[in-house]
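>>> I need the structure of the sequence given here:
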Amino acid sequence: MKKELYHYDNINAFNRQRYDHILNANNISGDEIAIKDKDTEEEEFFYPLKKNKINYLLPSQYIDELPLKIINDYKSSWRSKAYKMITSIKSIKIIGKKTMSYKQMIDNFIPYAHIVPEEFKVWKIICNVAYMSRINIRAISYPGWLKDSPLVILAMLRGDVTTLNKPTFAKLKYVLAGNNKILGMNEVQNIKSEEKYPLAKYYEDVGDFKPKFVSDSRATGHTREECSIINHSSMTFYNFPKKDTETLFDDVFDPKILSRIFPILLSGGNHDETACLETFGLINSEFTEEDYDEMTAYLKNHVYYEENYKELLKAKAWNNPHSFRNTRWQRNYDTICQGLKLYSDDEREFIRLERVFYSMHRNYMDYIANWKMTEEQRIGTTQIAKKE
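From the prediction side, this is the model:
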């Protein structure tokens, strides 16, 4: 596949063609509601959805047809709020079809030159596993590594992936109400102090692989007090600090949270030079019908592996080389190894990729140990200065 297809302009063009005037699962804005028919007094059941500031009511029998295109609707009101009542729909649910191997799918996805290509390959596999299954990951790197690019593009392709910068509790609840498969969060270490506790509650629940996230305060509007996270992955990103006075994720959250979210370090680059070696200018050519068909074929293949990966793994029952005393970290590690096995042609290749993945984890642990030691020296220096 042409690397230009993954330029944000082209991906956005594909998203507009495929999803404009389409309602997806992440447009769901609340729990199922019951409304009495004015004539019969019988209750009818609906799901509220919201897109582009327009509120919709979707009959409950259509909920499993998402994503769908609205054929007919009419304007109505319920509890003094305007809605478009949907009466007929057309499902555009993607039917999975194998159009390439799993290895080709990963290699063709964002095929950019990178200073650490093996780590970037493993990172793309991790992001794909986050969609197919359920993991909780936090990753540190220098700016421009392409940490969140796979999620931005998956969001455009699949429609149920979201990334947030400096997430507030209100944003978090809204996104979770949309049943997104992956939530990526940037700059969490810079959140306001009043946002720390509810975000920690989210990390506690998702990191424990609970089926639901229950907020402590009552939700309002189109958010919900209780959100399903049964098929939900969390991915948190932050950059190496420029100064030793800055904070990391590990400085902000308690060990109880740290022990739930698997850490990895993405090496390469620095604060002045990016690990990604591509340059991104303006796209001069139009997004063609052939481009659309190529991306659609890729999308069908993505659905195919989401639906069939468990069966395909039965032929690759290789042992995972490492184990952890922390059972939550073990689950994340084992799940990511599934993606490495899907990619690998044989056990030798899997062991090689696992070694890269495990090194990414060990590099984080070594970095944070050094960071804490530096922090202790910094505190000690400050205390000595105060005494003097």
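>>> make it CA atoms for all contacts and neighbour counts henceforth
Noted.
>>> need the helix or strand of the chain with the lowest average pLDDT.
helix 347-387 (a mean of 79; mean pLDDT, DSSP states H and E).
>>> just the strands in the stretch 1-150 of the chain please.
Using DSSP state E, counting those that start in this stretch, the strands found in the stretch 1-150 of the chain span residues 22-23, 33-36, 43-51, 54-59, 68-78, 81-91, 136-141.
>>> of the ones you listed, which is nearest G159?
strand 22-23 (9.6 Å; CA to CA).
>>> the spatially closest residue to N12 that is not a sequence neighbour: what's it in contact with?
Closest residue to N12 apart from its sequence neighbours, by CA to CA, 6 or more residues apart in numbering: M156 at 6.6 Å. By CA atoms under 8 Å, 6 or more residues apart in numbering, the contact set of M156 is I11, N12, F14, N15.
>>> and if we set it to 10 Å?
Counting by CA atoms under 10 Å, 6 or more residues apart in numbering, M156 touches Y8, I11, N12, A13, F14, N15, R16, R18, Y19, T162.
>>> hang on, isn't the fourth one packed against F287?
Yes: in this structure A13 lies within contact range of F287 using CA atoms under 10 Å: 6.8 Å.
>>> which residues are in contact with each of the two?
L5.
>>> partners of the spatially closest residue to P59 that is not a sequence neighbour in the sheet?
For P59, ignoring the flanking residues on the chain, the nearest one in space by CA to CA, 6+ apart is F46 at 4.4 Å. The partner list for F46 in beta bridges (DSSP bridges) reads I33, P59.
>>> tell me, how many neighbours does F46 end up with?
21 (other CA atoms under 10 Å).
>>> ok, now which ones touch the closest residue to S133 other than its chain neighbours?
The shortest distance from S133 to any non-neighbouring residue, by CA to CA, 6+ apart, is to N231 (7.0 Å). Residues near N231 by CA under 10 Å, 6+ apart: 130-135, 179-182, 209-212.
>>> now K341
K341 touches 312-313, 315-318, 320, 347, 349-351, 353-354, counting by CA under 10 Å, 6+ apart.
>>> okay, it: pLDDT?
For K341, the pLDDT comes out at 98.
>>> check which helix or strand covers it.
Counting by DSSP states H and E, the element that carries K341 is helix 327-343.
>>> and the angle for that helix with strand 136-141?
Helix 327-343 and strand 136-141 are oriented at 80 degrees to each other (axes from the mean of the first three to the mean of the last three CA atoms, to 10 degrees).
>>> and helix 327-343, what's buried?
For helix 327-343, burial by neighbour count (16 or more other CA atoms under 10 Å) applies to 328-329, 331-343.
>>> about what we covered before: in PyMOL, select just the buried ones from the contacts of N231.
Of the contacts of N231, the buried ones go into a single PyMOL selection, burial set by 16+ other CA under 10 Å:
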select buried, resi 130+131+132+133+134+135+179+180+181+182+209+212
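>>> same list (the contacts of N231) but as TSV, adding pLDDT and distance to P143.
Converted to TSV, the contacts of N231 look like this (pLDDT from 0 to 100; distance: CA to CA, whole Å):
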residue	pLDDT	distance to P143
A130	98	22
Y131	97	24
M132	97	27
S133	97	27
R134	97	26
I135	98	23
N179	79	29
N180	88	25
K181	93	25
I182	96	21
F209	96	30
K210	94	32
P211	93	33
K212	90	33
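>>> pretty sure V122 is touching S344, no?
No: using CA under 10 Å, V122 is not in contact with S344; the gap is 11.3 Å.
>>> neighbour count for these two, which is higher?
Taking other CA under 10 Å, V122 and S344 do not tie; V122 has more neighbours (22 against 18).
>>> contacting residues for that one?
I106, N128, I336, C337, G339, L340, Y343, L353, E354, V356, F357, M360.
>>> just to be sure, the residue nearest to N12 is in a strand?
No: residue state for M156 (DSSP: H, G, I helix; E, B strand; the rest coil) corresponds to helix; a strand is not indicated.
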